[in-house]
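J.: Just need the structure, nothing else, for what follows:
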Amino acid sequence: MDDTTAIERCRAGEAEAFRHLVERYQAEALGHALAILTDREEAADAVQEAFVKAFRALDRFTAGRRFYPWFYTILRHGCLKRAVLRQRLPRADGEEVEILAPATDAGEGWTALLESALLALSAEERELITLKHLDGLSYAELAERLEVPPGTVMSRLYHARRRLRETLNHLLKEER
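T.: Numbering: from 1, shown residues only. Take a look at the predicted model:
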């Protein structure tokens, strides 16, 4: 079943068809929520909440659009709302957050350093870096997902990259 068929079936009253969308996009959504929230349980809760909201809003979904960018808007708003409400409460000692995949070619030390630098960014900066460099979205796709003009995406990404570079340089100096 494709996304369009699943949505049509849901609109026709077959709620079980929504399972296709959840199964198809749950892992990707969890990764995106984790990049914003940095807490696995909170990210999972945000994803579940976003799927419920999306299901309830399917009557407002425009036919012909792709589902995930529309869903991502719902997810993103929920994650950012949670991040603001939480105001970056300190994590419990020993709690690890893994934004990057554990198996990378960069090596364990570099991965840990990059994780630390990403965690030092704001939720919005981390989201941009993740979507552009880990998910490989184009500027046009970023603009669609974030609901801003492409020029705004370029400007925000420039500043996020600069902040990431400064943070990495600072962390590298501390290691020496």
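J.: In contact with the residue sitting nearest the centre point of the chain, which residues?
T.: In the chain, the centroid-proximal residue (Cα atoms, centre = their mean) is His32; its distance is 2.1 Å. Applying Cβ atoms under 8 Å, 6 or more residues apart in numbering to His32 gives the contacts Tyr72, Leu75, Arg76, Cys79, Glu127, Thr130, Leu131, Asp135. Glycine gets a C-beta too; all of them are placed from N, C-alpha and C.
J.: Check what pLDDT it gets.
T.: pLDDT recorded at His32 is 91.
J.: Check Leu100 too.
T.: Note on Leu100: pLDDT of 52.
J.: Can you pull out the residues in contact with the helix or strand Asp45 falls within?
T.: Element membership of Asp45, judged by DSSP states H and E, is helix 40-56. With Cβ under 8 Å, 6+ apart as the test, helix 40-56 has contacts from 10, 15, 18, 21-22, 26, 29-30, 33-34, 36-37, 70-71, 74-75, 78-79, 82, 86, 97.
J.: just the buried members of those residues?
T.: Using 16 or more other Cβ atoms under 10 Å as the burial test, these include 10, 18, 21, 29-30, 33-34, 36-37, 70-71, 74-75, 78-79, 82, 97 as buried.
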